[in-house]
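**Q** Here is my input, please return the structure:
(one chain, ligands or ions: 1)
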Amino acid sequence: MKIGGIQKTSLIDYPDRVCAVFFASGCNFRCPYCYNPEIVFNKTKLIQEKYIKSFLKKRKNYLDAILLSGGEITIQPDFVDFVKKIKSYGYLIGIETNGSNPDAIKELIDNKLIDFIAMDIKSDLETYEKAAGVKPDKEKIKKSVELIKNSNINYEFRTTIVPELFDEETAIKIGKWLKKSKRYVLQQFRNEKEMIDKSFKGKKPYSVDKLKKFKKILEPYIEDVKITGI
Ligand code: SF4
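**A** Predicted structure coming up:
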């Protein structure tokens with residue numbers, strides 16, 4: 001497994017639990033607003049397997065969960081085995097994914113290896129390419145959404161709300177697509193870091209009132225709509 005970074009403790013990344021976050025190195029998307037380019041382009045030093053093992057062993061009494069983030073963790077060939085190994089220590093497991101690998105998601109769900117999934121919804125299906133920075137296989141994205149929606153595990157769909165990539169129309173289309181989902185999170189765009197597309201640094205995010213407007217648009221479609229990062 002290529003793990004390019006570990007956040008040793010987080011109180012906010014796994015719902016209601018204390019977790020550590022593992023950042024997988026590499027990603028198959030190139031979202032222009034991504035603020036983890038070092039990880040996406042494999043520029044961080046990889047964490048040794050020996051260190052990961054001893055970390056999992058030592059931290060068991062302090063952490064409830066391990067959140068596997070990235071980059072995109074599901075594209076790594078030994079991903080499912082890695083999840084099995086972490087699970088054997090007794091941790092809850094969460095993943096953050098762009099949904100491009102529904103087969104890996106299915107394997108985790110079918111084998112009860114996963115306790116929480118957060119899937120990024122880059123945009124509505126018509127404009128997905130622009131927000132993902134690549135041409136993803138949209139059938140796979142749709143399949144991941146259906147697998148997650150129809151599973152019994154705790155999940156949420158999330159979108160980073162970048163003014164250049166999201167408006168009322170996008171909100172309506174996403175609402176219709178994700179209809180009857182349990183939770184959808186509107187994440188405020190942060191403009192202070194270096195991003196994949198350097199021109200996005202410093203771009204003005206939407207106002208809180210505007211985010212609340214999007215929330216109202218989405219509420220008729222989705223049970224629980226939240227705004228984070230404000
Ligand atoms: S934001 Fe986009 S490019 Fe960055 S890690 Fe997530 S999917 Fe990959």
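**Q** Let me know the secondary structure of the residue nearest to the spatial centre of the chain.
**A** Centroid-nearest residue in the chain: Glu96, 3.3 Å away (criterion: C-alpha atoms, centre = their mean). Under DSSP: H, G, I helix; E, B strand; the rest coil, the three-state class of Glu96 is strand.
**Q** Tell me who's in contact with it.
**A** If a contact means C-beta atoms under 8 Å, 6 or more residues apart in numbering, then Glu96 has Leu67, Leu68, Ser69, Gly70, Ile73, Ala118, Met119, Asp120 as its contacts. Quick note: C-beta positions are derived from backbone N, CA and C, even for glycine.
**Q** Mind pulling up the pLDDT for the fourth one?
**A** Read that as Gly70. In this model, Gly70 is scored at 90, pLDDT.
**Q** I'd like the distance between the closest residue to it other than its chain neighbours and Gly175.
**A** Spatial nearest neighbour of Gly70, excluding adjacent residues (C-beta to C-beta, 6 or more residues apart in numbering): Ala24 at 4.1 Å. Distance check for Ala24 against Gly175: by C-beta to C-beta, to the nearest Å, it reads 30 Å.
**Q** more crowded one of the two?
**A** Comparing Ala24 with Gly175 by other C-beta atoms under 10 Å, the one with more neighbours is Ala24, at 25 against 20.
**Q** I figured that one hits Gln76, correct?
**A** Yes - if you go by C-beta atoms under 8 Å, Ala24 and Gln76 touch, sitting 6.0 Å apart.
**Q** Which neighbours do the two have in common?
**A** Residues within reach of Ala24 and of Gln76 at once, by C-beta under 8 Å, 6+ apart, are Met1, Lys2.
**Q** Spell out which parts of this protein neighbour the ligand.
**A** Residues of the chain found near the ligand, taking C-beta under 6 Å from any ligand atom as the criterion, are Cys27, Phe29, Arg30, Cys31, Cys34, Asn36, Val40, Gly70, Gly71, Glu72, Asn98, Asp120.
**Q** Just the closest of the contacts of Glu96 to Thr228, please.
**A** Ala118 (11.1 Å; C-beta to C-beta).
**Q** okay, now the closest one: neighbour count?
**A** 21.
**Q** Now name the helix or strand holding it.
**A** Taking DSSP states H and E as the criterion, the element that holds Ala118 is strand 116-120.
**Q** one step back: and the residues of the chain next to the ligand, which of them are in strands?
**A** Counted as lying in strands by DSSP state E, out of these, are Asp120.
**Q** Pick the one among the residues of the chain next to the ligand closest to Ile230.
**A** Proximity of the residues of the chain next to the ligand to Ile230 (C-beta to C-beta) peaks at Asp120, which lies at 18.6 Å.
**Q** Give the full set of residues in contact with that closest one.
**A** Counted by C-beta under 8 Å, 6+ apart, Asp120 has contacts Glu96, Thr97, Asn98, Gly99, Phe157, Arg158, Thr159, Thr160.
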